[in-house]
Every structure is written in structure tokens, then in C-alpha cells.
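I would like the atomic coordinates for the input below:
(2 chains)
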Amino acid sequence: MEVRSRDYAARARATLRDEPGVREAVIGATVAFDRHREQAYGEVDADAWRAWASDVKGHALTNLADYLEEAERRLTENGVVVHWAETAADVHSVLEGVAAAHGVRRVVKGKSMLSEELGVNAALQGQGIEVVETDLGEYVIQLFGEPPSHILGPAIHRSLHDIQQLFHRVHGTPLDATPEDLAAAARSALREAFLTAEMGITGGNFLVAETGTLALIENEGNIRLATSVPKVHVALVGIEKVVARWSDLAGMVQLTSRAATGQAVGTFVSMIHGPRRDGEPDGPEAVHVILVDNGRTGMLADESTWEALKCVRCGACLNVCPVYRQTGGHAYGWVYSGPIGAVLAPGLLGLDEGGTLPFASSLCGACTEVCPVRIPLHEMLLTWRRRAVEAGMAPTTERVLMSAYAAAAKRPALFRIGAAGLRLLPSAVRRRLPFLGSWLSVHGALPWSRPSFMRRRKDGPT
Amino acid sequence: MRATLFVTCLGDQFFADACADSAELLRSLGVDVDVAMGQTCCGQPAYNAGYWREAMRMARHTVEALADAEYVVVPSGSCAAMLRGGYAELFAPEGGTAVAELAGRTFELAEFIVRVLGVEDVGSGLEGHAVAYHHGCHALRELGSREEPLTLLGNAGAELVEWEAAEECCGFGGLFSAKLPEVSAAMADRKLDTLPGPDIVTSADPGCLLHLSGRAAQRGNGPVFRHVASVLWEAANGSP
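Here you go, the predicted model:
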């Protein structure tokens, strides 16, 4: 997809100014998600689970080449066709080939953030293939013509009212239709798509090297249908999704569910071991797995940020993030938003393209506290900031002021004269200063202590 | 026991009374208090904005200014966390025993009173007052200090009100609030919008208080914002 993360500040400002409903909808949804997660963590020894899960992912990532090759062997033995794709263009060309071989005219998709990262829908549509998103939230935003705004709840930025109007236009449902009525309208449209599509495309939550198992967690049953009704199923799997052993899977699926939605386990967990076998009544004729790099190998080699590849895409860090809550995901201008998006952006896109997003954080650390695989997210944000500054990406005014501030801080008398000088400036001038001016634009006047504490100390004991 | 106050740059300029109240409160608990006159800024604004070279300069100065302190007490969870954890991170490549040693004797005010002095009761002047406590992120998550201020306020008779967003970031974040003022203000607005109408909102952090009270002033409503040092000192003396 098109990346516009450098415009974060302007996009965030525009969202807050022009679409106040987004903030309200996103706060409502994320606070509820986070409350469910907190409760679900509280039912188990979450710290022990998280430490274990972090180790499972860490082990797989530190031996990634071996486990990927093992996964390829097992998948192949299971009758799955394995493709390796280094870039989005490689993925597009594999999809084009598979679609041509099976005469595909229509694709049903299960929710896949990787497919958004790779721009799969546009590529397929460019081939004249119709693409239907079948996750309810994804279906809604596809009708709106928007990208997802959240890893798990792609349409959480939209209100019920927005969706009532959309469905009225598209499906003719009444303007006061209940959520159940809306879901029913989507269901009947989607049922038709499932039964006529030749290809189902999904992502993958986990790929077990030992058994070649592709595991998918969901709540709507659309992934179960997309992987079993059409004659061909293609799964897009990031190379970081591999876990070593079958015995890793149950715990990872449960912890991911608890972190994501607060469920003990998702309503449907599909564990796919290949195409339909002789004598089986249903399932696809062919299953393809595309193992996707798209920048991940480079990130794996970065000793300060490789652990971000442990991410299981649960969305818990978005839900708890006070910055994300104000704008939702679109302001970030990239498929992944919130803390994990801000860590992955410079890692996968490069500092030049993605280096703005690590600054979209107050470094409160709430993300690190909830991450099921214990990625030190706020520390990584700080690492990326340091790198951005070292690479000379900071504005000149900021660099000069910071340097002057640090120099003054080494000379207490000068430091205090500087503060005294700021106090003396007319407020009209203060409002035009860099940084202080933008602070004052959203705050009341500065409540200076008169005199300052150190000044009082100097004049007499306190 | 001797404690050196590190009042922080924001404390010095905007919370002078709270700095003085910190000193008085500690003295009333039998601590000899001094103030290191060479202190300026701990360097956190630079550190969090990615300017580690500048942050190291300020950190070196601060370590030097506090070299003689038996304990360093900071009326700010955020700056205490910088001295304790941020400096270790900054100086990790070159080691640095002075930094590690400073970290070991640096405490946020409420944390110092409860953990080091072992005092949980400073007075009873908050009877009949509804108090909302804003947990600064760094006190909460870096220092791991959630209970200490609540213990002191509760034992002073305060009615601690339930606040949905009590542990949510206020949006200050140092330079963050100047670089992304609209997002930062929206974060403060969520804090203010969820406040259940207490008499006093208090916190250990000058930055958070400056941000929240400044935002409340801009919006033209809101309760009284006080630094926890002032609230506790006044509780020790009768009433706030």
C-alpha cells in the first residue's frame, strides 16, 4: 500500500479537527478491548505465559533459516505448494501465476494485515480479478474504500451510524437497522461470494515447522469458509510467523486470543495440513503458502529491534496506547499503526520512510506492559528516535535549540538567566517561539512561580 | 539521614512552593535536607527526543552536581526515573560506577517517604477531601511506584476517587507535547473528561500537572491541581 507515514503530524491534526467522531469511536472500542484483555490476563499467570511466549518466538527467530526450511519440507510433504517471496512484487507475481492456473475470476479474502502491507487487493484487481473481503470489519472498510485502522478491528473508527448509512446505500437496509440486521445483510452478500469464488486468500497466525501446520484464529467463520470452499487456498505468511514445535501452538493460540480480544481462545481455530485428500468431502484442491520477507530479514539482523518480529498482531499495544486512541490508525499513514506500527515502520520501510512514526508516542510504556510476547516497544521507539536524530533527520531549529539547551544546562547561572529571560518576554512574543508557541496554542498561560525555587534559595534559606 | 533535593527544571520554575513543601515535609520527618545549587535539568527532554549526546552532557553535569548527596529526593517521578534508569541506558556503553551509584540512592518523594523512611502516615488533614491521583507514567512503570502516594494520601484521610483514566498518560511527554500539540491536548482532554469531579487532582509530576492544569485553564473549567508534595505537607499541618 501507499506509505504516508511522514505526514503523521498533519494527518493526526486533520483527524482530530475534521473527524471528531473517529476519536470517540476509537476510544470506545479500544477501552473495551483493553478491559477484556486485562480481565483475560488476570485469569491466568499472564507474566509466566508472556515470558514463555517471548521465548518461543525468540527461539524460532534466532534459528529462523533452519525452521523455515523444516517448515517448507513438512508443508511440501503435506501436499502444500511453497513459494518464497522477497518483495511485494514477488508476491503479486506468484498470485498472478496461481490465479491464471486455476482460472480465478473472484477471490474471497480472510483478514490479513500482510496482504494490506503487500497491496494484494490492488494487484489482483489490476489483473481483472474481483476481490471480496469477508471479515465483517474488512468488508465494511472495503465498501468505504478505506484501509484498516486497527490490526484486529479494521473498522473501529466508524460509528454504527456510519455503517447504517453505508449499508442503506449498498444493501438497501433501513437507516435504523440494528447491528444484527447489518450483519445479516453482509452475511447474505458474503455467502454468495464464498460459493462462487475460485480462490481464498488468507494470512496465517502461526506456521509450525515440525508439522507444517498453518494455524488461523478468527471469530466469524469466514476464514474457515475461505480456506475450505474455493478450489484453491493461498496463505500469505510472513517468515516471522514460524514456531518450532506442535507443542508451542496451543499456548500461543490461547495467549494471542487473550491479548487480542480477551477470549480464552478464538471462536474458530483452523489448523491446515494441506489440500483435500482422497475420500474427503470438502476442502480445496490446492493449497499454496507464500513465505514473505518484505524487509523482515533486514530487521532480524538489527540487534536492537529484531525482537519486534516476535509480534503476533494481537493489537493489544494499540488498544492501550493513549496516542493511538486519539486518532485511530489512519493518521499513521501505513498498514501497521500504534506502537508496533511505529517500531516496524523504520524497521521494514527504512528510517527515511518510517522514521517519523517513532515520535508519535509519549513514551508512556503502556504498550510494553501489555505485549503478550514482551517486546520492549517503548525502548525500541527511543532507539529509533536516537537513530533518526543521529541520521540528521531532525529539523534544524530543533537541533540548534537542543544543543543550546544542553550547553546552558552545564552552566547553572546561564541556565537560570535563560529562564528569567523567557519570563520577561511579552506573551505575544512567547507565542511565536518554536515549541513554546505550539505548547501555548493548546494550553493556558504558563503559571510561573514568582520567584523560582532556586531564586528563593539564593535569596535566603527555604 | 541527609537528603539532597533535586527539584527539576520544571519544579524550579513552576512548582516552587511544592519544592519548598517537599523540603519542609522531609524535615518534619527528621531528614536533613539540602539543595544542590548547581543543579539544572536532568537531560530527559533531550534523551526522549533522541538527542543522546546532549542528554549525556546534561547527565554528566547532574551526576556531578549530586555527587555529595547521601540520598537524592526528586519531587518528580519522571526525572527520578531518568536518573535511575535513563542514565544507566545512556552510559551503558562506557559503564560508569558514578551513574550506577547515583541510581541506587535516588528516589521520588513519596517513594522515599514510604520505602526509605518507612513512614506511611504524615498527618490527617485530608479528611473530607475528595482527591484524584494522576499516576505519572514513569513513576508507575519505570519506578514501579503505584501504591506509595496512594498510601500517604489515604492515611491522611483523603477520599481517593475512582478515575477511569488514572493510569493513562496525560499526553505531556516532554517535547512530544510541543511537537504534536493537538494529539497531546486530546490526551489531556480524555483525562479531564473522565475526572469524576474531585476537590483536588494531585500527582508527583510537575510536567503532567503543568500540562493538565494548562489544558484545563485553556478549556475554562476543571478542578484544583496541586503537586502531591504540597498536598501532603498541608495534610501534615491541618488541611489543604
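
could you pull out the helices in the stretch 351-462 of chain A for me?
A:351-354, A:366-370, A:377-390, A:396-409, A:412-424, A:427-430, A:436-442, A:453-459 (DSSP state H, counting those that start in this stretch).

would you mark the buried spots in the last one?
Going by neighbour count (16 or more other Cβ atoms under 10 Å in any protein chain shown), the buried part of helix A:453-459 is A:Phe453, A:Met454, A:Arg455, A:Arg456, A:Arg457. For glycine as for every other residue, the C-beta is placed from the backbone atoms N, C-alpha and C.

again with the fourth one
Buried residues in helix A:396-409, counting neighbours by 16+ other Cβ under 10 Å, are found at A:Glu398, A:Met402, A:Tyr405, A:Ala406, A:Ala408, A:Ala409.

where does pLDDT dip in the chain?
Using chain A here. A:1, A:460-462 (pLDDT under 70).

not quite, go with chain B.
Within chain B, the stretches with pLDDT under 70 are B:239-240.

centroid-nearest residue for chain B?
B:Ser76 (2.0 Å; Cα atoms, centre = their mean).

distance-wise, check that residue relative to A:Thr356.
Using Cβ to Cβ, to the nearest Å, one obtains 29 Å as the distance from B:Ser76 to A:Thr356.

for A:Arg455, same thing?
When A:Arg455 is compared with A:Thr356 (using Cβ to Cβ), they lie 39 Å apart.

over to A:Thr87?
From A:Thr87 across to A:Thr356, the span is 23 Å (Cβ to Cβ).

quick one: which of those two has more around it?
Neighbour totals were compared for A:Thr87 and A:Thr356, and A:Thr356 leads with 23 against 13 (other Cβ atoms under 10 Å in any protein chain shown).

so where do the strands sit in chain B?
B:2-5, B:32-35, B:71-74, B:106-108, B:130-134, B:159-160, B:200-203, B:224-227 (DSSP state E).

closest to chain A out of the ones you listed?
strand B:32-35 (5.5 Å; Cβ to the nearest Cβ).

which positions within the closest one qualify as buried?
B:Val33, B:Val35.

residues making contact with stretch B:93-103?
Residues outside stretch B:93-103 that contact it (Cβ atoms under 8 Å, 6 or more residues apart in numbering or on different chains) are B:Ala59, B:Val63, B:Leu66, B:Ala67, B:Val72, B:Leu83, B:Arg84, B:Gly85, B:Tyr87, B:Ala88, B:Leu90, B:Phe91.

and the closest residue to chain B within the stretch 151-300 of chain A, what element?
The minimum distance from the stretch 151-300 of chain A to chain B, using Cβ to the nearest Cβ, falls at A:His157 (14.4 Å). Using DSSP states H and E, A:His157 falls within no helix or strand.

can you pull the phi/psi pair for it?
According to degrees, to the nearest 10, the main-chain angles of A:His157 amount to phi -80, psi -10.

go on, A:Val253?
phi -60, psi -40.

please look at A:Arg106 and A:Glu192 and confirm they touch.
No. Between A:Arg106 and A:Glu192 there is no contact, the gap being 10.2 Å when judged by Cβ atoms under 8 Å.

which of these two has more neighbours?
Using other Cβ under 10 Å as the criterion, A:Arg106 and A:Glu192 rank with A:Arg106 on top: 15 against 11.

so what's that one up against?
A:Ile129, A:Glu130, A:Val131, A:Val132, A:Ala193, A:Thr196, A:Ala197, A:Glu198, A:Met199.

could you pull out the helices in the stretch 1-150 of chain A for me?
Ranges of helices in the stretch 1-150 of chain A, per DSSP H, counting those that start in this stretch, are A:8-18, A:20-42, A:46-62, A:64-77, A:88-101, A:113-118, A:120-126, A:136-144.

the fifth one packs against which elements?
Same thing as helix A:88-101. strand A:81-85, helix A:113-118, helix A:120-126, strand A:199-202, strand A:232-238, strand A:286-292 (3 or more Cβ pairs under 8 Å, 6 or more residues apart in numbering or on different chains; DSSP states H and E).
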